[in-house]
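S.K.: Provide a 3D model corresponding to the input given below.
(chains A and B)
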Amino acid sequence: MAKHSESHHVIVPVKTFVATFSALLVLTILTVVASRFDFGSMNLSIALLIAFCKASLVVWIFMGMKWDRGFNFVAFVGSILFLIIFIGFTFSDIAFRDYRDKVEGEYFGLAHPVKPISGAHHE
Amino acid sequence: MSKQKESLVQHHVAHHFDTAEQEFSTAKLGMWVFLVQELLFFGALFVAFFVFKYLYPEMYVEAHHHLSWKMGALNTIFLITSSFTMVMGVRSAQTNQRRATKNYLFATMLLACSFLVVKYFEYAAKFHHGLLPPHFFFGEGVHQTLPIFFGLYFVMTGLHGIHVLIGIGLIAWLMYRNSRGEFNSEFYTPVEMVGLYWHFVDLVWIFLFPLFYLVG
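M.R.: Just a heads-up that it's a prediction; the model follows:
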């Protein structure tokens, strides 16, 4: 408790913030450069990976999670876990509906909400 | 310096707290719980984004070419820089540098306003071309599902924009309190909390930028 409650007395050196800021700028340039090339199905994964790195830097250094373990960290990690459950369950549904409910000209047994004009069918 | 000392406003720890420490860590926990809620709330919108991306991958490829990645990148730099100035503002408050706190907060505010100006030009272009959510859409595109993308675009960047707007208001409030000399190494709770909020706004944009502007 003592360690946790005194956490805000940490005065972080300016150079730590400057280094974090520089790293964020470099990663921003990296994500833009990466998007100029086509890695096929890896495009999204690469962009998300870089975004997670940037987000971690912001949470860890700028939001001071590094010096602020304890219950705040538990709350934060908890929300990430629930987000993963949310995404996981949604996609375990969406991604596998085709196996059961595919009806010709329709998706998931429902009328297609908006019909593509041309070449947009993904069978 | 003496003039600064005179105007210092002494913070009194609320009667239901034992110490200033306890008051601070309670406020911080409250802020984190709020931010965690915000994360889940934006999370739901990101799930919607991914569901439609999964259903209409070709439409997303078309749609992201309608967005200017240059403007998105410029806004990313604005927000990342503003996160840096914010964190320096908090540090200045921690170390009793009132003028530096003021300058850093002002810089943060200026960058936030720049973000919104860029956003205004982007929105104006989308309105002009009719690239709008369903019901309002009158733009041209290959895919008829295109309005879904712009529905998500306006809801997600719009909500984010509202957060930026609220952030500007909060920073103005901090600047007012700072000008009254309310913040010092013993009490800077509001600066720290608005700082956390501001970094969260940056955090959301870190994901919005690549997903909307870069990845097709």
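
S.K.: mind showing which ranges of chain B have poor pLDDT?
M.R.: B:1-7, B:216 (pLDDT under 70).

S.K.: Which residue ranges of it form strands?
M.R.: With DSSP state E, there are no strands along chain B.

S.K.: which stretches of it form helices?
M.R.: Using DSSP state H, the helices assigned to chain B run over residues B:2-7, B:20-55, B:57-64, B:69-94, B:98-129, B:146-179, B:189-208.

S.K.: how about these in TSV, adding distance to B:Ala14 and mean neighbour count?
M.R.: (Glycine included, C-beta is placed from N, CA and C.) Output for those, formatted as TSV (distance: least, Cβ to Cβ, whole Å; neighbours: other Cβ atoms under 10 Å in any protein chain shown):
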stretch	distance to B:Ala14	mean neighbour count
helix B:2-7	23	8
helix B:20-55	6	17
helix B:57-64	49	20
helix B:69-94	20	23
helix B:98-129	23	17
helix B:146-179	16	18
helix B:189-208	11	23
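
S.K.: mind putting the ones you listed in a markdown table, distance to A:Thr31 included?
M.R.: Below are the helices of chain B laid out as a markdown table (distance: least, Cβ to Cβ, whole Å):
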| stretch | distance to A:Thr31 |
| --- | --- |
| helix B:2-7 | 43 |
| helix B:20-55 | 17 |
| helix B:57-64 | 14 |
| helix B:69-94 | 9 |
| helix B:98-129 | 18 |
| helix B:146-179 | 17 |
| helix B:189-208 | 9 |
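
S.K.: To A:Phe73, which of those lies closest?
M.R.: Nearest to A:Phe73 among these is helix B:20-55; the distance by Cβ to Cβ comes to 8.7 Å.

S.K.: do the closest one and chain A meet?
M.R.: Yes - applying Cβ under 8 Å from any Cβ of the partner chain, one finds helix B:20-55 touching chain A at B:21-22, B:24-25, B:28-29, B:32-33, B:35-37, B:39-40, B:43-44, B:47, B:50-51, B:54-55.

S.K.: what residues does stretch B:91-104 touch?
M.R.: A:8, A:11-12, A:14, A:17, B:4, B:85-86, B:88-89, B:175, B:178-179, B:181, B:183-185, B:188, B:191-192 (Cβ atoms under 8 Å, 6 or more residues apart in numbering or on different chains).

S.K.: For residue 63, which non-adjacent residue is spatially closest?
M.R.: I'll assume chain A. Residue nearest to A:Met63 in three dimensions, not counting chain neighbours: B:His199, with 4.8 Å by Cβ to Cβ, 6 or more residues apart in numbering or on different chains.

S.K.: oops, I was thinking of chain B
M.R.: Distances taken as Cβ to Cβ, 6+ apart place B:Phe149 nearest to B:Ala63, at 3.9 Å, with adjacent residues excluded.

S.K.: again with B:Lys28
M.R.: Going by Cβ to Cβ, 6+ apart, B:Lys28 has A:Asn72 as its nearest residue, at 6.4 Å.

S.K.: What is the neighbour count of the one you found?
M.R.: 23 (other Cβ atoms under 10 Å in any protein chain shown).

S.K.: Just to check, it is in contact with A:Lys66?
M.R.: No - the criterion here is Cβ atoms under 8 Å, and A:Asn72 misses it with A:Lys66 at 11.6 Å.

S.K.: What segments of chain A are helices?
M.R.: Using DSSP H, helices in chain A cover A:2-5, A:14-36, A:42-57, A:71-94, A:98-101.
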